[in-house]
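Q: Build me a structure from this.
(one chain, ligands or ions: 1)
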Amino acid sequence: MDEQLLILGFAGSLRKDSYNRALLQAAAELLPDEAKLEIFDLEGIPPFNQELEKQMPEKVKEFKAKIRAADAILIATPEHNYSVPGVLKNAIDWASRPYGDNSFEGKPAAIMSASTGMLGGARAQYHLRQIFVFLDMHSVNRLEVMVNFASQKIDEQGKLTDDTTKKIIKQLLESLIAWTKRLKK
Ligand SMILES: Cc1cc2nc3c(=O)[nH]c(=O)nc-3n(C[C@H](O)[C@H](O)[C@H](O)COP(=O)(O)O)c2cc1C
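A: Residues are numbered from 1 along each chain as shown. Reported below is the predicted structural model:
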């Protein structure tokens, strides 16, 4: 078998019982053997300060190194006030700096979102896709995994219980793997 692809996943939520973190955990279980998922916790990344970008905080250095080492990126994010949560945007801003050292450059990526609301984080996903343009990331277009009414699909142990959602996550992961292989050629 070829070497396994390494996917780096992170959630745009610091909440211990985050539904989006639960989606990443479900993804780790649904991933085909040809890839593995490492989950990185954004907890501890300080607010961005451009004065510090030449002596990056340790946690940011670690984040940037993990992104660079990964073959692909998987982001699971909530929607906050119709957009990307500050925690996620802050982490992305750090990892894109200093100018000329954008860790995300050229990376294949996939997005999932979970929300307690009806639209499942759709608006945050489209804002994230816009951010990907400047980062020069190549995101999988479909399937769009937008998990609405998340509290009915993820149980109190953080386990995804909804079979339809499992199915679409699996399809997204298969697309991400195929896309990553295509971009590597
Ligand atoms: C500051 C804030 C803003 C929110 N704005 C939205 C929103 O615009 N759309 C939405 O669907 N849910 C919104 N929510 C509800 C989130 O969908 C819900 O809190 C979700 O559980 C967050 O994801 P997590 O479980 O991964 O932390 C908001 C929640 C917070 C705390």
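Q: okay, which residue is most central for the protein?
A: Centroid check for the chain by C-alpha atoms, centre = their mean gives Ile75 as the closest residue, at 0.9 Å.
Q: what's in contact with whichever strand or helix holds Ala91?
A: Per DSSP states H and E, Ala91 falls inside helix 86-95. Contact with helix 86-95 is made by 10, 12-14, 42, 45, 47-48, 53, 56-57, 60, 63-64, 67, 75, 77, 80, 102-104, 128, 131, 135, as judged by C-beta atoms under 8 Å, 6 or more residues apart in numbering. The C-beta positions use only the backbone N, C-alpha and C, and glycine is treated the same way.
Q: separation between the closest residue in space to the residue nearest to the centre of the chain that isn't next to it in sequence and the ligand?
A: Nearest non-adjacent residue to Ile75, counting by C-beta to C-beta, 6 or more residues apart in numbering: Ile111, 5.3 Å away. To the ligand, Ile111 is 14 Å away according to C-beta to the nearest ligand atom, to the nearest Å.
Q: Please apply the same query to Gln130.
A: 16 Å.
Q: Could you verify that Lys61 is part of a helix?
A: Yes: assessed with DSSP: H, G, I helix; E, B strand; the rest coil, Lys61 lies in a helix.
Q: how far away is it from Glu53?
A: 11 Å (C-beta to C-beta, to the nearest Å).
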